[in-house]
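Chemist: Please work out how this folds:
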Amino acid sequence: MPITDPEGSRDSIRKIIHIDMDAFYASVEQRDRPELRGKPVIVGGDPDRRGVVAACSYEARRYGIHSAMAAVTARRRCPAAVFLRPRFEVYRSVSCRIREIFMRYTDLVEPLSLDEAFLDVTRNKKEMASATLIARAIKAEIREETGLTASAGVSFNKFLAKIASDFNKPDGITVVTPEMAGDFIDRLPIGKFFGVGRSTEARMHALGVRTGADLRQLEISDLLRHFGKAGRFFYGIARGRDDRPVTPDRIRKSLGKETTLSEDIDDPDRMLVILEEIAHKIEDLVRTHEIRARTVVLKVKYADFRTVTRSATLSAPVENADVIMTHIADLLSKTTDGRQKVRLLGITLSNFAGDAEAPRCHQQLPLPLFI
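Modeler: Residues are numbered from 1 along each chain as shown. A predicted model of the protein is given here:
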């Protein structure tokens, strides 16, 4: 089932690339410490102090280790793993160099995190007609200039490009043309769809939805009834529709990070450990974006998808993670009592003193959406 743009003209079809660095933090560590190559490397918190995994190498992933997992659990699964504290200054430096490579091809670059970005190369600086060739050239330049590998997804919209980049990791490239899109989506396991975590996947399965083909059989009214506003999004992407443009850095009214947990949890202490990891990333954003924010917002999404937020407005601008966490513990106590399971946690800063500037390459890229 080919999918075409609404006007039916191939000339108007966009060419979108999603570049995703392979096990970025861990790969940087293995690059800089050759003795770690081929070994399970875990970047994150101390397993003896209730730390959380921020990232891990492919060798560690074979043991079922993943981001946001408790570090003590990761050590239990792989006692031989090497645990390292993150070196964000190094990661940001490498990330900036990668972004400079992107900018050789297009100014339409939308960073999602230190290790991934969308590029719109419909019209590009090299005047290359093939987005696939551009993706290959970018991957080659990244490897040559940083010693790291990246995977790429190439398609006509952001949803398909992002999904495609994950299909042939590491160091792979996957292309989804309009002619291929229908079959690609139909075969796609529902858990691979953007916005479908474990809880949503279970609810989809309960409805008999296991693939994109199954999802496309549901009426929009059914999706809205079961998934609220997200139902409209699911209805569109099941049909390959995603009109979101690639948006370069811009002035923001708020800035924050959140993580969808790999499993629902009800332990407030563990929540605080995860939130502290996020707070340290927010601290880095404060420096990167030269932000002066006075309001800290905590976001909690429960297992039943109810979302609550609590905020605190400070007398002085936020400067570091310690200041953020001074208020987060109190805010968390106002959102959960330890009896309700939580699937997502996030922290946002707002109430800026003047407009926050968009990130510039020499000021580094934003930090990841996950921890």
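Chemist: So which residues of the stretch 1-150 of the chain form helices?
Modeler: Along the stretch 1-150 of the chain, counting by DSSP state H, counting those that start in this stretch, helices occupy 24-32, 58-61, 71-77, 88-103, 131-146.
Chemist: pLDDT weak spots in the stretch 1-150 of the chain?
Modeler: Scanning the stretch 1-150 of the chain for pLDDT under 70 picks out the ranges 1-11.
Chemist: Tell me which of the helices of the stretch 1-150 of the chain sits most buried.
Modeler: Most buried of the helices of the stretch 1-150 of the chain, by mean neighbour count (mean count of other Cβ atoms under 10 Å): helix 24-32, with a mean of 22. To be clear about C-beta, it is placed using only N, CA and C from the backbone, and glycine gets the same treatment.
Chemist: That one - contacts with which helices or strands?
Modeler: Judged by 3 or more Cβ pairs under 8 Å, 6 or more residues apart in numbering; DSSP states H and E, helix 24-32 is in contact with strand 41-44, strand 53-56, helix 88-103.
Chemist: hang on, the earlier thing: quick check: which of the helices of the stretch 1-150 of the chain is nearest to Asp115?
Modeler: Asp115 sits nearest to helix 24-32 of all these, at 3.6 Å, using Cβ to Cβ.
Chemist: Next, the angle from that closest one to helix 88-103.
Modeler: Orientation check (axes from the mean of the first three to the mean of the last three Cα atoms, to 10 degrees): helix 24-32 against helix 88-103 gives 100 degrees.
Chemist: what's next to helix 24-32, contact-wise?
Modeler: Here helix 24-32 makes contact (Cβ atoms under 8 Å, 6 or more residues apart in numbering) with 21, 36-37, 39, 41-43, 54-57, 60, 84, 86-87, 90-91, 94, 114-115, 146-149.
Chemist: try it again with 7 Å
Modeler: 36-37, 41, 43, 54-57, 84, 86, 90-91, 94, 114-115, 147-148 (Cβ atoms under 7 Å, 6 or more residues apart in numbering).
Chemist: tally of neighbours for Val297?
Modeler: A count of neighbours around Val297, defined by other Cβ atoms under 10 Å, yields 21.
Chemist: Quick one, which of the contacts of helix 24-32 are buried?
Modeler: Taking 16 or more other Cβ atoms under 10 Å as the criterion, what is buried in these is 36, 41, 43, 54-57, 84, 86, 91, 94, 114-115, 148.
Chemist: Switch the helices of the stretch 1-150 of the chain over to JSON lines; also include distance to Val323.
Modeler: Shown next, in JSON lines, are the helices of the stretch 1-150 of the chain (distance: least, Cβ to Cβ, whole Å):
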{"stretch": "helix 24-32", "distance to Val323": "25"}
{"stretch": "helix 58-61", "distance to Val323": "33"}
{"stretch": "helix 71-77", "distance to Val323": "25"}
{"stretch": "helix 88-103", "distance to Val323": "18"}
{"stretch": "helix 131-146", "distance to Val323": "34"}
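Chemist: Out of the ones you listed, which is closest to Ser254?
Modeler: Smallest distance to Ser254 across the helices of the stretch 1-150 of the chain (Cβ to Cβ): 21.1 Å, for helix 88-103.
Chemist: So which other helices or strands are in contact with the closest one?
Modeler: Judged by 3 or more Cβ pairs under 7 Å, 6 or more residues apart in numbering; DSSP states H and E, helix 88-103 is in contact with helix 24-32, strand 109-113, helix 131-146.
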